[in-house]
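S.K.: can't give you the sequence, but here's the structure:
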Ligand code: ZN
Ligand code: ZN
């Protein structure tokens, strides 16, 4: 990972954003910029240098992991050490303006920090600067994402081995999560969703004690974290024979997902990708059952920008990694969703998820 280049790209924005320095507090952003994977730290990027602050617990880890920044280990409370350092090192007639990650700091944290700072140092909200940089993945990141996606896809093979009438949702999730860990996953990207029967109509139905019955659709939405990067995939399987209307709806969702994938390429607006799939579902009379957005960016975090949703103006760029995940939900009856991860290219996209989307009954 080329941390100095990432820091430089951010540093280049300091002047135009009218900040003397940026204070990065959101841990995935810190990891992205300097490689630190621990749970306490701040990265300060000034016009000339980068300084990483952590506490004594991370003394060794910080020195080993952090690249492109000087490491300072605080012997007192981290925010106090940071405020003192800024007070003595950042000086300018007319005052200093520090950009902070407004969307990741609570009002109380911001106030506490402001109170510690010397007069003349002001905190201002800098929204999404690092997140915007993170939208486009570099070669190293794409390699990590591919590895995560391939490991994640293997869990679906495990799921279809064990899916049968009489098994509980939570057992299916447990088998998948155990297989993930044995294969080397650091963690799941999010609590595994195994939602069967009427619960499949809940777009975020986490696995419960419910027993899966014959004739039910089962939405399996899952992902792993490997090398810090997330995978995210959904397949919907029928246990036993599918009701005829549901079988038809499955093909509708599959066509919609294909239409959105076909719409992905550099230069297209995120909203157009959403519309491409939604149009297919509207034509099939299923438009009003597609109740969520089409997808999201994925990387160090499971939900990143860009958002792939109606009227989103963000223009796709080569190297963005997004999900395409349309679904239809009939409350009280059943639900279907299909989700792949794709990487945006100049003339189209590459589907990373290797799993078949053919209708599958087990
Ligand atoms: Zn998902
Ligand atoms: Zn997703």
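M.R.: Here it is on my side, so go on. Bear in mind that the values here come from a model prediction, so they are computed numbers and not experimental data. Numbering: from 1, shown residues only. Ligands and ions are numbered 1, 2, ... in the order given.
S.K.: now the helices for the stretch 151-300 of the chain?
M.R.: Listed in chain order, the helices found in the stretch 151-300 of the chain under DSSP state H, counting those that start in this stretch are 169-182, 244-263, 270-283.
S.K.: Tell me who's in contact with the closest residue to residue 47 other than its chain neighbours.
M.R.: Nearest residue to residue 47 in three dimensions, chain neighbours excluded: residue 14, at 5.9 Å (C-beta to C-beta, 6 or more residues apart in numbering). (Glycine included, C-beta is placed from N, CA and C.) Contact partners of residue 14, counting by C-beta atoms under 8 Å, 6 or more residues apart in numbering, are 20, 21, 22, 45, 46, 47, 99.
S.K.: What's the local residue count around residue 269?
M.R.: Number of residues near residue 269 (other C-beta atoms under 10 Å) recorded here: 17.
S.K.: where's the residue located most distally from the centre of the chain, which helix or strand?
M.R.: In the chain, residue 93 marks the outermost C-alpha relative to the chain mean, sitting 41.2 Å out by C-alpha atoms, centre = their mean. Residue 93 is part of no helix or strand, with elements assigned from DSSP states H and E.
S.K.: For it, what are phi and psi?
M.R.: Comment: the main-chain dihedrals of residue 93 come out as phi -60, psi 140, following degrees, to the nearest 10.
S.K.: go on, residue 22?
M.R.: phi -120, psi 140.
S.K.: go on, the one 3 residues further on?
M.R.: Main-chain torsions, residue 25, degrees, to the nearest 10: phi -120, psi -20.
S.K.: Pretty sure it sits against residue 101.
M.R.: Yes. Using C-beta atoms under 8 Å, residue 25 is in contact with residue 101, at 5.5 Å.
S.K.: Which residue of the two possesses the greater neighbour count?
M.R.: More neighbours sit around residue 101 than around the other of residue 25 and residue 101, counting by other C-beta under 10 Å; the figures are 20 against 17.
S.K.: pLDDT value on the more buried one, please?
M.R.: Note for residue 101: predicted pLDDT of 93.
S.K.: Surely residue 279 touches residue 262?
M.R.: No. Using C-beta under 8 Å, residue 279 is not in contact with residue 262; the gap is 11.8 Å.
S.K.: Show me what from the stretch 251-362 of the chain comes close to ligand 1.
M.R.: Applying C-beta under 5 Å from the ion, we find that the stretch 251-362 of the chain lies next to ligand 1 at residue 339.
S.K.: Torsion angles phi and psi at the residue in the stretch 251-362 of the chain that ligand 1 sits nearest to?
M.R.: Among all residues of the stretch 251-362 of the chain, residue 339 sits closest to ligand 1, at 4.9 Å; criterion: C-beta to the ion. Listed backbone geometry of residue 339 is phi -140, psi 130, with angles given as degrees, to the nearest 10.
S.K.: Okay, and the beta partners of it?
M.R.: residue 234 (DSSP bridges).
S.K.: Identify the residues contacting it.
M.R.: Shown in contact with residue 339 (C-beta under 8 Å, 6+ apart): 221, 232, 233, 234, 235, 257, 295, 323, 324, 325, 353.
S.K.: do residue 141 as well
M.R.: Per C-beta under 8 Å, 6+ apart, neighbours of residue 141: 1, 229, 299.
S.K.: isn't residue 218 right up against residue 240?
M.R.: No. Applying C-beta under 8 Å, one finds residue 218 not in contact with residue 240, separated by 10.7 Å.
S.K.: ok, these two, which is more surrounded?
M.R.: Neighbour comparison, residue 218 and residue 240: the larger count goes to residue 218, with 26 against 13 (by other C-beta under 10 Å).
S.K.: Now, of the contacts of residue 141, which are buried?
M.R.: 1, 229, 299 (16 or more other C-beta atoms under 10 Å).
S.K.: Which ones among those residues map onto strands?
M.R.: Among the buried ones among the contacts of residue 141, DSSP state E puts residue 229 in strands.
S.K.: Could I get the buried ones among the contacts of residue 141 in CSV, plus columns for pLDDT?
M.R.: Below are the buried ones among the contacts of residue 141 laid out as CSV (pLDDT from 0 to 100):
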residue, pLDDT
1, 81
229, 98
299, 98
